[in-house]
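Build me a model:
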Amino acid sequence: MLKGKTALVTGSTSGIGLATARALAEAGCNIVINGFGDKAAIEKQRTGLEKDFGIKALYSAADMSKPAEIVAMIGEVEKNFGSLDVLVNNAGIQFVANIEDFPPEKWDAVIAVNLSSSFHTIRAAVPGMKRRKWGRIINIASAHGLVASGQKVAYVSAKHGLVGMTKVVAIETANSGITCNAICPGWVLTTLVQKQIDDRAKASGKSVRDEEIALLSEKQPMHQFTKPEGIGSLAVFLCSDGAATITGAAYSIDGGWVAQ
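As a prediction, the model looks like this:
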């Protein structure tokens, strides 16, 4: 379906981003991964994409808090592959505190990575997509792009902003062969979340499953985590011909979190 097209996934050296990159590679895309981490581990991921799916994969170390590096990354993708067809904005960071205790520098950092970076990637990618009359932009937002939780003022503000940006870009590109949508996950079982559950179980003396249910129940009626691979599958669908007229949408994949 996507054979010969090129996808850039920001923040894709682990978790949701890596799973999405792998899903797009399986669908035929050449891949550019991006993010921080151990160089040897990243190289193993890059070569693994090529070996597992028979595509070409590159790595960009662009810092998503630095606009000049973002623009340069988009240029390098187009130079190396001839086009950037699928853009997945996934990079994100988190900081938790009550608003009166929230350091301004942490606000600036979260907004820069979780919101402004997507403005810079989309701004740089859209001209080429318009010339080719085809493009898919997918913004990984969050349930927190639709509803709020305490102590997450920067994260919630950024994710709400990302959903709004999605709608604006969708309207502006509606007749250009481009779609722009947001994916809004709830609880996703990542390595960090698993550690949180294991620590809770150790402290409480309860089973890991009991602590999973307790954690999930704080927000979701469904006692099941979303898997990163499920988010990747949804991203692939949004790139398909079947989704050609889906644009400006915010897809919840959250175990019923925002249905309440």
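
Ala174 touches Thr247, doesn't it?
Yes: Ala174 is in contact with Thr247 according to CB atoms under 8 Å; the separation is 6.4 Å. C-beta here means a position set from N, CA and C on the backbone, and glycine is covered the same way.

More neighbours: which of the two?
Thr247 (20 against 14; other CB atoms under 10 Å).

how about that one, secondary structure?
Under DSSP: H, G, I helix; E, B strand; the rest coil, Thr247 falls in the coil class.

My guess is it contacts Ser176. True?
No: the pair Thr247 / Ser176 is not scored as a contact, 10.3 Å apart, by CB under 8 Å.

With Phe81 as the reference, measure out to Gln45.
18 Å (CB to CB, to the nearest Å).

check contacts around Val208.
Ile197, Asp198, Ala201 (CB atoms under 8 Å, 6 or more residues apart in numbering).

pull the CA atoms of stretch 141-153 into CSV?
What follows is stretch 141-153 as a C-alpha-only set of coordinates in CSV (Å, rounded to 0.1, in the frame of the first residue of the first chain):
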residue,chain,number,x,y,z
ALA,A,141,-1.7,13.6,20.7
SER,A,142,-3.3,12.0,23.8
ALA,A,143,-6.5,11.6,25.7
HIS,A,144,-5.1,14.7,27.4
GLY,A,145,-5.6,16.4,24.1
LEU,A,146,-9.3,16.1,24.7
VAL,A,147,-9.7,16.1,28.5
ALA,A,148,-7.5,17.3,31.4
SER,A,149,-5.8,15.9,34.5
GLY,A,150,-4.2,17.8,37.4
GLN,A,151,-0.5,18.6,37.6
LYS,A,152,0.0,18.3,33.8
VAL,A,153,-0.6,21.9,32.7
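
Spell out the residue ranges of the helices in the stretch 151-260 of the chain.
For the stretch 151-260 of the chain, the helices defined by DSSP state H, counting those that start in this stretch occupy 153-172, 191-204, 208-217, 228-238.

need those helices in CSV with distance to Trp257 and mean pLDDT, can you?
Shown next, in CSV, are the helices of the stretch 151-260 of the chain (distance: least, CB to CB, whole Å; pLDDT from 0 to 100):
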stretch, distance to Trp257, mean pLDDT
helix 153-172, 13, 98
helix 191-204, 15, 92
helix 208-217, 9, 97
helix 228-238, 14, 98
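
tally of neighbours for Leu238?
Counted with other CB under 10 Å, Leu238 comes out at 24.

Ignoring the adjacent residues along the chain, who's closest to it?
Counting by CB to CB, 6 or more residues apart in numbering, the nearest residue to Leu238 once its immediate chain neighbours are dropped is Asn181, at 5.2 Å.

didn't Gly128 look like it was pressed against Phe81?
No: with contact defined as CB under 8 Å, Gly128 does not count as touching Phe81 (10.7 Å).

that's a helix at Leu58, yeah?
No: looking at Leu58 with three-state DSSP, it is strand, so not inside a helix.

Mind checking what secondary structure the residue nearest to it when sequence neighbours are not counted has?
Distance criterion CB to CB, 6+ apart; nearest residue to Leu58, sequence neighbours excluded, is Val32 at 4.9 Å. Assigned by three-state DSSP, the conformation of Val32 is strand.

which ones are touching Val32?
Thr6, Ala7, Leu8, Val9, Ala57, Leu58, Tyr59, Ser60, Met73, Val77, Phe81.

Same question for Ser117.
Taking CB under 8 Å, 6+ apart, we find Ser117 in contact with Thr10, Met64, Ser65, Ile70, Asn89, Ala91.

Break the chain into its domains for me.
The record's domain split for the chain, according to automatic domain parsing, is 6-188+226-259, 189-225.
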